[in-house]
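*Asks:* got a sequence here, can you model it:
(2 chains)
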2 protein chains.
Amino acid sequence: MTDKELDGIYAFAVQLGKDAGKMLLDAARLRFSGGQPAQEFVEKDNAVDIVTKTDEEVEAFIKTSIAERYPHHNFIGEESYSKSPSRAYLISPTSPTPTWLVDPLDGTVNYTHLFPMFCVSIAVVIAGQPVIGIIYAPFLNQLFTACRGRGAWLNETQRLPLVREPAVPTLPRNAPGGCIFACEWGKDRRDGDDGNLRRKVESFVTMAAEATGKGGKGGMVHGVRSLGSATMDLAYTAMGAFDIWWEGGCWEWDVAAGIAILQEAGGLVTTANPPEDHATAKIEEVSLGSRLYLAIRPAGPSEFESGRQGQERVVREVWRRVRELDYTRPDFEFETE
Amino acid sequence: MTDKELDGIYAFAVQLGKDAGKMLLDAARLRFSGGQPAQEFVEKDNAVDIVTKTDEEVEAFIKTSIAERYPHHNFIGEESYSKSPSRAYLISPTSPTPTWLVDPLDGTVNYTHLFPMFCVSIAVVIAGQPVIGIIYAPFLNQLFTACRGRGAWLNETQRLPLVREPAVPTLPRNAPGGCIFACEWGKDRRDGDDGNLRRKVESFVTMAAEATGKGGKGGMVHGVRSLGSATMDLAYTAMGAFDIWWEGGCWEWDVAAGIAILQEAGGLVTTANPPEDHATAKIEEVSLGSRLYLAIRPAGPSEFESGRQGQERVVREVWRRVRELDYTRPDFEFETE
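*Replies:* Residues are numbered from 1 along each chain as shown, chains lettered A, B, ... in the order given. As a prediction, this is how the structure comes out:
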């Protein structure tokens, strides 16, 4: 693909994100602008129906727009994927044909309750790598965009991470101390012997506890934040506002755009689950379909280490404190073209 | 006080909030606009110093402005209070003289990291009651305002709660199921036998767990959110985006503006700590200086109960699931005039 072709796809994707985000906000406004007399908007249950309808309409709009403009590209959207029986990973690691990975509405629970942390997420994946990412949170008027080699941006004018001059901040020497740790409680609330809820909470507490706590593993992070949107978590990590995001259970359309933006901003994404030799294991690039994600913000060099070394140090400090999560999917597959 | 006098104070407070919020954002922009060459902005440690300086400057600006316009009013600000040796509660429950309760920067950790959930909080308290509340989050461009009898507003045009027509939504019949639960990890991270961290986390988990979990007390809330700002939590509860906010440890300047806005929007605020007879105890109005807060969003009536009855039902459902928190302050005192 030529640079010019990629620029064209990027510009098209940005506009698509803006249009889709406007659809989300317009639909939300129907519920609070007072313009709708219908009693169907009274109950939260009905709010859920509105959300589902909006979700489907926005995905259909995006899918149709892409099919008209790029009929030979692949398309995977959360809504349509959810309706298929398979949970296979459908993205070829080698194909040069672009695949669009779309979550028309990330932060569905937030949207239902009109908490502003919801967004549309659009990614373009080529040869298995997210190269374009668009995240638009219309209630916050925050648009995050990136294309490989073109930088990552907030509202098209502010380069990410936010603090860049005279240098991108280093990661704290006592990390995870000094860090904002973003994490989500998720939907898996089984209170079993050792389910994901328990594993997550134990990990959160170890990250939060004073340094002498939890058998000397207390992370004493600067803050723990939960927004209810994996996509927004990644966007704020790219911005530099969150230092660490650790999560399991989300899907590739939740994270692909965020990963593209974070990587273009200079961040690192790897797996949430600590390898056995977590202190020395090679830190692999994230596997997009793994459902297990650990992201570290962009970081500048210090006199002791490069930015990447700092990020790897923080990855190991997180791995040392978190439990392995149990999220699986069917065997790796991809469609033939 | 006449209505006209109160209107005058309200208009003045709104402008003060806007000006103070602009100061916060301008100071933040120094760190990311690239306009500042100084290396002092590189390190997060220095970011903390910048924040402290901004905090103090904004409080001084607000305090001076009030003293010029209303020289006989009382003023309590977070920064100046923190420097005094006493932790007494200084607000008279009966005095008609207005007291301004000001947090120049709520969400300090967020501000340090440039996570947008920070704000200025300005309240006017008369006879112990918060009657005016201004919360302005400049990075989000969200201004929340209320004055008793004048409604609560987002950006001066959108009445709160957001969903009002044809009616304010009822609270879910299976609450806390269906609810967004906002809570904060706070600064007390002692990993002792039964410290606040443990009590909080146990409470969070009981609220989050499946209904059959935690000995049948699982709350299975729709979502758990932590923003790192008590003030923003209250603002979003007033908006209707959060259904429940439960917290201990914050101070009156963190919550006074939020309580004014939430109450004017139709919300309920009481104590975080469950009374022994939590199923039947009278639900007291919040004590502003108690450091223990439980807020429920505005709610409309259903065919089964009034809005207030629904809120009280949810209060009891929360009390049933949370632990008592241990935050104290010196004996109640107030200055003589």
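*Asks:* got the phi/psi numbers for A:I76?
*Replies:* phi -130, psi 120 (degrees, to the nearest 10).
*Asks:* wouldn't it be in contact with A:P104 here?
*Replies:* No: between A:I76 and A:P104 there is no contact under C-beta atoms under 8 Å: 11.9 Å. Bear in mind the C-beta positions are built from the backbone N, C-alpha and C, glycine included.
*Asks:* looking at the two, which one has more neighbours?
*Replies:* A:P104 (28 against 23; other C-beta atoms under 10 Å in any protein chain shown).
*Asks:* wondering if the helix or strand where the more buried one lies reaches chain B at all.
*Replies:* Using DSSP states H and E, A:P104 sits within strand A:99-106. No: on the criterion C-beta under 8 Å from any C-beta of the partner chain, strand A:99-106 is out of touch with chain B, staying 13.1 Å away.
*Asks:* and that strand, what does it pack against?
*Replies:* Other helices and strands packing on strand A:99-106, by 3 or more C-beta pairs under 8 Å, 6 or more residues apart in numbering or on different chains; DSSP states H and E, are helix A:3-32, helix A:44-69, strand A:74-77, helix A:78-83, strand A:119-126, helix A:230-239, helix A:252-265.
*Asks:* which neighbouring elements make contact with the first one?
*Replies:* Yep, that's helix A:3-32 we're talking about. Here helix A:3-32 touches helix A:44-69, strand A:99-106, strand A:119-126, strand A:129-137, strand A:142-147, going by 3+ C-beta pairs under 8 Å, 6+ apart.
*Asks:* save the ones you listed as TSV, and put in mean pLDDT too.
*Replies:* Putting the helices and strands packed on helix A:3-32 into TSV (pLDDT from 0 to 100) gives the following:
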stretch	mean pLDDT
helix A:44-69	86
strand A:99-106	98
strand A:119-126	98
strand A:129-137	98
strand A:142-147	98
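*Asks:* can I get these in TSV with distance to A:T206?
*Replies:* Shown next, in TSV, are these (distance: least, C-beta to C-beta, whole Å):
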stretch	distance to A:T206
helix A:44-69	35
strand A:99-106	27
strand A:119-126	30
strand A:129-137	30
strand A:142-147	30
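*Asks:* could you measure the closest residue in space to A:R225 that isn't next to it in sequence against A:M207, distance?
*Replies:* Excluding the flanking residues, the one nearest A:R225 by C-beta to C-beta, 6 or more residues apart in numbering or on different chains is A:A182, at 4.9 Å. Distance of A:A182 to A:M207, computed by C-beta to C-beta, to the nearest Å: 11 Å.
*Asks:* and for the two, which residues touch both?
*Replies:* A:V224, A:W246 (C-beta atoms under 8 Å, 6 or more residues apart in numbering or on different chains).
*Asks:* what sits against whichever residue of the stretch 51-200 of chain A sits closest to chain B?
*Replies:* Proximity of the stretch 51-200 of chain A to chain B (C-beta to the nearest C-beta) peaks at A:D191, 2.7 Å away. Listed by C-beta under 8 Å, 6+ apart, the contact set of A:D191 reads A:L197, A:R198, B:A209, B:E210, B:T212, B:G213, B:K214, B:G218.
*Asks:* among these, which one sits closest to A:A11?
*Replies:* Among the contacts of A:D191, A:L197 lies closest to A:A11 (C-beta to C-beta), at 42.7 Å.
*Asks:* ok, and what's touching the helix or strand hosting A:V205?
*Replies:* Assigned by DSSP H and E, A:V205 belongs to helix A:196-208. Outside helix A:196-208, the residues that touch it by C-beta under 8 Å, 6+ apart are A:176, A:181, A:183, A:185-186, A:188-192, A:214, A:217-221, A:224, A:246, A:248-249, A:318, A:321-327, B:185, B:189, B:197, B:201, B:204-205, B:208-209.
*Asks:* which ones among those residues lie within helices?
*Replies:* A:K214, A:V318, B:L197, B:V201, B:F204, B:V205, B:A208 (DSSP state H).
*Asks:* any quick ChimeraX command for the buried ones out of those residues?
*Replies:* Here is the ChimeraX command that selects the buried residues among the ones in helices among the contacts of helix A:196-208 (16 or more other C-beta atoms under 10 Å in any protein chain shown):
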select /A:214,318 /B:197,201,204,205,208
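*Asks:* dump the ones in helices among the contacts of helix A:196-208 to TSV, plus distance to A:E68 and pLDDT.
*Replies:* Formatted as TSV, the ones in helices among the contacts of helix A:196-208 follow (distance: C-beta to C-beta, whole Å; pLDDT from 0 to 100):
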residue	distance to A:E68	pLDDT
A:K214	55	91
A:V318	43	98
B:L197	54	94
B:V201	51	97
B:F204	47	98
B:V205	48	97
B:A208	43	97
